[in-house]
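Visitor: here is the input, now give the coordinates:
(chains A and B)
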Amino acid sequence: MAKVDPGSSAHEVQTTTTAVGPTASPEAECTALVPPAVVAQSLRDYMHGQTLRIRGGESGVLPVVLGLVVIVIVFQSISPHHVFLSAGNLVNLFLQSIQFMVFAMAEIFALLLGEIDLSIGYVGPVGAVIAVQLVQPATTNWPWWAAIIVALFACALIGAVQGTLITRLRLPSFIVTLAGLLIFNGVLLITLAFGPFSGYPSLSGSQSNVHALYDLMWGHVSPLAGWIILVVVVGALGGGMFFRDLRRRRSGLVAPPLALTFLKVGFMAAVGVLVVIICNLNRAASGILEGVPWAVFIVLGVLAAWTFLLQRTRFGRYIYAIGGNPEAARRAGINVNAIKTWAFALCAFTAGIAGILYASYLGGMSNNVNGGQLVLYAVAAAVIGGTSLFGGRGKALHGVLGGLVIGGIYNGMYLLGLAVQWEFIVTGLVLIGAVTIDSLSRRGAALGSARP
Amino acid sequence: MSDQGSNGVPLLKAEGIYKGFGAVQALSDVNLTLPAGQVTAICGDNGAGKSVLIKCIAGIHQPDRGQIYWEGRPVRIRNAREASLLGIETVYQDLALSDNLDIVQNMFLGRERVRHRILDEDDMERAAAETLAALRVTTVQSIRQPVGSLSGGQRQSVAVAKAVMWNSKLVIMDEPTAALGVTQTTMVLELVRRLRDQGLGVAIISHNLNDVFAVADRIAVLHLGRMVVEQEASTFSRQSVIEYMTTGGLGLTEVGAHLMNQETKNGEG
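Guide: This is a model prediction of the structure:
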């Protein structure tokens, strides 16, 4: 009869300290864990709430933003001729960061579930090889867009197969995707060997179809187009935020204070203006090279798409629910296996995007891909950005911010002329710092919920 | 909400339920009636079959034999979804809430409202606020705060609100006060009374006789997989419930009383 009354005492430990009624609890302690934006009536309230929250361990993106500021200050002051903040280097830094950002956004799908995908370090590059091979004029000569679509779907299929193994056979994702890392390292070498390129299919050459792939990273829009796009994007996002607040106030719901929304939109616009100004400066050693790189829009596009998917759709909500409490998700009637499988497919799909950008950055593919390092940097970037390794907490934005941190370290170390070993060591230390913050904030939150 | 408890047809009636797990017979020939607008406490010692019984009603387990009648109609409840389609919602002891999601997100988990495939947050927030207000759950600061930041009693309230949100007619609660302190227990018991006053049928599993006598209109006692008594709460004394729980009611005879007293001591250990 052991089945009857499961764990009737197991839960008694959990909340026996909560004898004090919630009405009697000190206001300040409660406030610490409530998102200030949902209760604050004024900007001052919001700032106060935010401070309490940070003290309570819910720091959000603050650590990574502070980290970026530190990186900028340090490298700007010690880099030779203070070249770190020059327009040319900042664009370069951004292009170097892109692989980390997009691989990290891929990994976040797995991390949100409380799982991990180690295979993307080679699944992404396999997608890249497929795309690069298919556009070669000497062999298949596919249009660049068709090659990209096929490559991304191949990646998604790989992810779906791994996800199926993980969910249906209940195998640990760590092992399945570790096997995937090895398998697709092999597949990478096989796919590279096709065609008369002795294992080095390249994106160089003047043929416009091939050049389209090369331009993903190295092409840019005209300076004027950069400004127009900025105005449209900030206008749409800002207008959307104001409109949403207005609608909520009209229907009697709590909306963030108007001043806060102004501040957010203003900040967004300021960052955008700064990026466009920097990119529109002439960064060529000789001749003219100016304009916002296409890659900026690709990354923002991926960020927008995945933010929308994760925050505004049922699918995204279910990913968070499964990461937070899989049993609750199952009882709520969510098809946990299907959602997980789709998440692994999207993870590999995004890794395919990252891989193609990586190939574009390098101007081709070779066997000189360190997939193990790519995936570890992806996990590191996601965690540095603020995504939890334990599931249920994280955003696509964290991948972008964490990718910038790793890219910043990589770039700064390179400028200093320090060898790669120092880059590894510093990145490792930053990662430990980030995981410590994650772990401390979880402990802070756990202590917080034990309080009434 | 219909109040059929008084005019004959009970909300739910289970007849002759048998359920075994391998060699263990968890339930034998159990009858149970759950009327609308009343709180029925299901009592019993550990291993008496309380949880198995409510899981049979909630669709988690299939009875081996026996019949369940819902509003007088014979029904088969094959899973939790079918139970909630009928209007049966269960609040388990572990509450099944996601700490990382806020109150609204938890209350709508698995049944989110969408417009053009986009989550309709405003609509859900309004509906959640209405339900919480109707249950007078007013101690939470904001319904947009993560459930992980709530106290035990508040979490229980959210779990109950989640259960009654769906026009449910019967709410089953497994040990709702087991992990709570005094104030929070009072809060949850008030919530139970409010559900009853709104005409819902409520079934509560509880070990705690204080709670049972505080809210129950009817008491059903299981002993070793058999329903030994099921009556109005006013017909019981605290002592008699303990006797039923520990001895299965043998103690009502003069001869058994002596034996029973000894067993009571053993049973409470």
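
Visitor: who's in contact with the closest residue to residue B:79 other than its chain neighbours?
Guide: Nearest residue to residue B:79 in three dimensions, chain neighbours excluded: residue B:59, at 4.8 Å (C-beta to C-beta, 6 or more residues apart in numbering or on different chains). Quick note: C-beta positions are derived from backbone N, CA and C, even for glycine. Going by C-beta atoms under 8 Å, 6 or more residues apart in numbering or on different chains, residue B:59 touches B:77-83, B:88.

Visitor: kindly recompute the last result at 6 Å.
Guide: Taking C-beta atoms under 6 Å, 6 or more residues apart in numbering or on different chains as the criterion, residue B:59 is in contact with B:77, B:79-80, B:82-83.

Visitor: what's the answer for residue A:185, then?
Guide: A:122, A:371.

Visitor: which is the next helix or strand following whichever strand or helix holds it?
Guide: In this structure, residue A:185 sits in helix A:173-192 according to DSSP states H and E. The helix or strand immediately downstream of helix A:173-192 is helix A:208-218, counting by DSSP H and E.

Visitor: what comes up buried for the helix or strand just after that next one?
Guide: Using DSSP H and E, the next helix or strand after helix A:208-218 towards the C-terminus is helix A:223-250. Residues of helix A:223-250 classed as buried: A:223, A:226-227, A:229-230, A:233-234, A:237-238, A:241, A:245, A:248 (neighbour count, 16 or more other C-beta atoms under 10 Å in any protein chain shown).

Visitor: is it possible to get TSV of those that adds pLDDT and distance to residue A:281?
Guide: Compiled in TSV, the buried residues of helix A:223-250 are given as follows (pLDDT from 0 to 100; distance: C-beta to C-beta, whole Å):
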residue	pLDDT	distance to residue A:281
A:223	92	9
A:226	94	11
A:227	95	13
A:229	94	17
A:230	95	15
A:233	93	20
A:234	94	20
A:237	92	25
A:238	92	26
A:241	90	30
A:245	88	36
A:248	86	41
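
Visitor: which one of those residues is nearest to chain B?
Guide: Nearest to chain B among those: residue A:248, at 6.1 Å, using C-beta to the nearest C-beta.

Visitor: could you pull up the contacting residues of that closest one?
Guide: So residue A:248 contacts residue A:255 (C-beta under 6 Å, 6+ apart).

Visitor: let's see it at 7 Å
Guide: With C-beta atoms under 7 Å, 6 or more residues apart in numbering or on different chains as the criterion, the residues that contact residue A:248 are A:255, B:122.

Visitor: follow-up on the earlier one: could I get the contacts of residue B:59 as CSV with pLDDT and neighbour count?
Guide: Putting the contacts of residue B:59 into CSV (pLDDT from 0 to 100; neighbours: other C-beta atoms under 10 Å in any protein chain shown) gives the following:
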residue, pLDDT, neighbour count
B:77, 91, 23
B:79, 85, 13
B:80, 82, 19
B:82, 88, 14
B:83, 89, 22
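
Visitor: greatest separation within the residues you listed: which pair is it?
Guide: B:77 and B:80 (8.7 Å; C-beta to C-beta).

Visitor: give me the below-cutoff pLDDT ranges for the chain.
Guide: As the question left the chain open, I've gone with chain A. Judged by pLDDT under 70, chain A has its weakly predicted residues at A:1-41, A:50-59, A:441-452.

Visitor: ah, I was thinking of chain B
Guide: Ranges of chain B meeting pLDDT under 70: B:1-8, B:250-269.

Visitor: please enumerate the strands of it.
Guide: B:12-21, B:24-34, B:39-44, B:65-70, B:73-75, B:88-91, B:114-115, B:118-119, B:170-174, B:201-205, B:218-223, B:226-232 (DSSP state E).

Visitor: let's have these in a markdown table, adding mean neighbour count and distance to residue A:307.
Guide: Listed next are these as a markdown table, based on neighbours: other C-beta atoms under 10 Å in any protein chain shown; distance: least, C-beta to C-beta, whole Å:
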| stretch | mean neighbour count | distance to residue A:307 |
| --- | --- | --- |
| strand B:12-21 | 19 | 45 |
| strand B:24-34 | 20 | 46 |
| strand B:39-44 | 26 | 46 |
| strand B:65-70 | 17 | 44 |
| strand B:73-75 | 11 | 44 |
| strand B:88-91 | 24 | 33 |
| strand B:114-115 | 12 | 17 |
| strand B:118-119 | 15 | 13 |
| strand B:170-174 | 25 | 37 |
| strand B:201-205 | 26 | 42 |
| strand B:218-223 | 24 | 51 |
| strand B:226-232 | 17 | 54 |
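
Visitor: would TSV of those with distance to residue A:355 be doable?
Guide: Putting those into TSV (distance: least, C-beta to C-beta, whole Å) gives the following:
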stretch	distance to residue A:355
strand B:12-21	51
strand B:24-34	55
strand B:39-44	58
strand B:65-70	55
strand B:73-75	54
strand B:88-91	47
strand B:114-115	33
strand B:118-119	30
strand B:170-174	49
strand B:201-205	54
strand B:218-223	61
strand B:226-232	64
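
Visitor: closest to residue A:95 out of the ones you listed?
Guide: Closest among the strands of chain B, once you apply C-beta to C-beta, is strand B:118-119, at 33.4 Å.

Visitor: next one: that closest one, is it in contact with chain A?
Guide: Yes. For strand B:118-119, a contact with chain A is found by C-beta under 7 Å from any C-beta of the partner chain, at B:118-119.

Visitor: please enumerate residues in contact with that strand?
Guide: Strand B:118-119 is contacted by residues A:312-314, A:317, B:112 when judged by C-beta under 7 Å, 6+ apart.

Visitor: tell me which of the residues you listed fall in helices.
Guide: A:312, A:314, A:317 (DSSP state H).

Visitor: quote the end-to-end distance of stretch B:99-107.
Guide: Stretch B:99-107 has an end-to-end distance of 12 Å (C-alpha to C-alpha, to the nearest Å).

Visitor: near chain A at all, it?
Guide: Yes. For stretch B:99-107, a contact with chain A is found by C-beta under 7 Å from any C-beta, at B:99-101, B:105.

Visitor: quick check: closest non-adjacent residue to residue B:109.
Guide: Nearest residue to residue B:109 in three dimensions, chain neighbours excluded: residue A:332, at 4.2 Å (C-beta to C-beta, 6+ apart).

Visitor: go on, residue A:333?
Guide: Computed as C-beta to C-beta, 6+ apart, the closest residue to residue A:333 that is not its neighbour in sequence is residue B:110, at 4.4 Å.

Visitor: ditto for residue A:280
Guide: Nearest non-adjacent residue to residue A:280 (C-beta to C-beta, 6+ apart): residue A:223, at 4.2 Å.

Visitor: that neighbour is in contact with residue A:288, isn't it?
Guide: No. Residue A:223 is beyond contact range of residue A:288, at 10.2 Å (criterion: C-beta atoms under 7 Å).

Visitor: need the residues touching each of those two.
Guide: With C-beta under 7 Å, 6+ apart, residue A:223 and residue A:288 have no common neighbours.

Visitor: which residues does residue B:225 contact?
Guide: B:25-28, B:48-49.

Visitor: let's see 8 Å
Guide: With C-beta under 8 Å, 6+ apart, residue B:225 has these contacts: B:25-28, B:30, B:48-49.

Visitor: residue B:209 now?
Guide: By C-beta under 8 Å, 6+ apart, residue B:209 lies in contact with B:43, B:238, B:241-242.

Visitor: and residue A:278, what does it touch?
Guide: With C-beta under 8 Å, 6+ apart, residue A:278 has these contacts: A:87, A:90-91.
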